[in-house]
Every structure is written in C-alpha cells, then in structure tokens.
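In: need the 3D shape of this:
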Amino acid sequence: MRTALRTAFAALAIVGLLVTPALAQTELSNEELGATVSMPDGWSEVEGNDRAAFNFKEEASHSQVEIIATPLMTPDVADVFFDTFHATLTSSEFTQTGREEKSYGDHTGLETIYSFSHSGVDLKVTVFQFVNDTTAWLVVSYVQADQFDAFAETFSTIVGSLAFAG
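Out: Presented below is the predicted three-dimensional model:
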C-alpha cells in the first residue's frame, strides 16, 4: 500500500513539474522593447503582425489584443503616432463611441472606444494609449459587442500586467 501511495505521489509530482512550465509561458517578453505582459490563460499568440510587440487571441470568443509600441525621438511627438492610428480607424468606418482618461496598474493614458459592424458582426474596439519614457504604447482589443462588458476585467488585467525593464 505504501509503495502504491509513493508511486502516486511521485506521479503527481512529475505531472506538476511538467505542467508548471506551461503555466509560466503565459508571460510574454519583448527583449527589444524591454517589456513583458501576461497573456490570459486559454489565449494563444498570433504570428505575422510585424507592428505588434505582442499579439494574442482567444479562439472561442474571437477576441484579440494587440500591443503596439513605437520608440519616439522625444515624448512630445507621441500625439502624431496616436492621431495617425485613430485616423486610420475612423477612415475605415470605425465609429468613436467614448473617450476618457483611464488608469490600469501603473499606466495612465487615454482610452477610446470604437464600434464597427461588418457582415453581421458587431465589434467594439478599445484603444488605450500612453507613453512610457520615450516609447508610445497602444493596447488595442477587438471584441464582439455582446461580450464587451464581460471582457473589461480581462482588458484591465492585460494592460495592468504590462511591465518595463529598468
């Protein structure tokens, strides 16, 4: 009996060791920008977007988060980067439905909400913009409108987890 218990505990310990690295992989790093972010459990990375420092999605809800950064010569030129991004959305028929100052964790910035409808799908897009040192950051979420309120806590957690070296 003791041998069976020891074998069972040993098996659980091995499974625990095998599972632990998979859980740790939810933290993503971008060494070039000196940034890390926690990807929500059940989400997966999206490849092929060169402008995004981080890009991940949840298959079940079709939600996606892009984190875009651009180094600036000086922090005061961030508005050009931000304004260009917003102009691109509005010229593509995204409708601004809200805008306010927000704070998530250590980050304070401007949050803009857009709505968009195409082929029977209604989306809400959140754009949170802020500057850290000499880098302008955009955290952009694309969520189906009927899931938007439920996604708010996830968005807050993602932005709040964004950390910078140094």
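
In: count of neighbours near residue 26?
Out: Using other Cβ atoms under 10 Å, residue 26 has 15 other residues around it. Quick note: C-beta positions are derived from backbone N, CA and C, even for glycine.

In: contact partners for it?
Out: Shown in contact with residue 26 (Cβ atoms under 8 Å, 6 or more residues apart in numbering): 38, 39, 40, 41.

In: what residue is smack in the middle of the protein?
Out: residue 65 (4.3 Å; Cα atoms, centre = their mean).

In: that one sits in which helix or strand?
Out: For residue 65, the element it lies in under DSSP states H and E is strand 63-71.

In: packing partners for the next helix or strand after that strand?
Out: Per DSSP H and E, strand 63-71 leads on to helix 78-91 as the next helix or strand towards the C-terminus. If contacts are counted by 3 or more Cβ pairs under 8 Å, 6 or more residues apart in numbering; DSSP states H and E, helix 78-91 sits against strand 107-118, strand 121-132, strand 135-144.

In: for residue 101, find the nearest of those.
Out: For residue 101, the closest of these is strand 107-118, at 6.1 Å, according to Cβ to Cβ.

In: show me the contact partners of the closest one.
Out: Strand 107-118 has contacts (Cβ under 8 Å, 6+ apart) with 82, 86, 89, 93-103, 122-132, 137, 145, 159-160, 162.

In: can you pull up the bridge partners for the residue nearest to the centre of the chain?
Out: For residue 65, the beta-bridge partners under DSSP bridges are residue 56, residue 141.

In: please shift the residue numbers so they start at 59 in all later answers.
Out: Let's use 59 as the start, then, which means that last one is residue 123.

In: still on that earlier bit, which among the contacts of strand 165-176 end up buried?
Out: By neighbour count, with 16 or more other Cβ atoms under 10 Å, the contacts of strand 165-176 hold 140, 144, 147, 152, 160, 181-190, 195, 217, 220 as buried.

In: ok now stretch 190-210, how far from the chain's centre?
Out: 7 Å (Cα atoms, centre = their mean, to the nearest Å).

In: nope, stretch 130-143 is what I meant
Out: 20 Å.

In: check which residues of it are buried.
Out: Neighbour-count burial for stretch 130-143, counted by 16+ other Cβ under 10 Å, picks out 130, 136, 139, 140, 143.

In: quick revisit: just put the helices and strands packed on helix 136-149 in TSV and tack on distance to residue 115.
Out: Formatted as TSV, those follow (distance: least, Cβ to Cβ, whole Å):
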stretch	distance to residue 115
strand 165-176	17
strand 179-190	13
strand 193-202	9
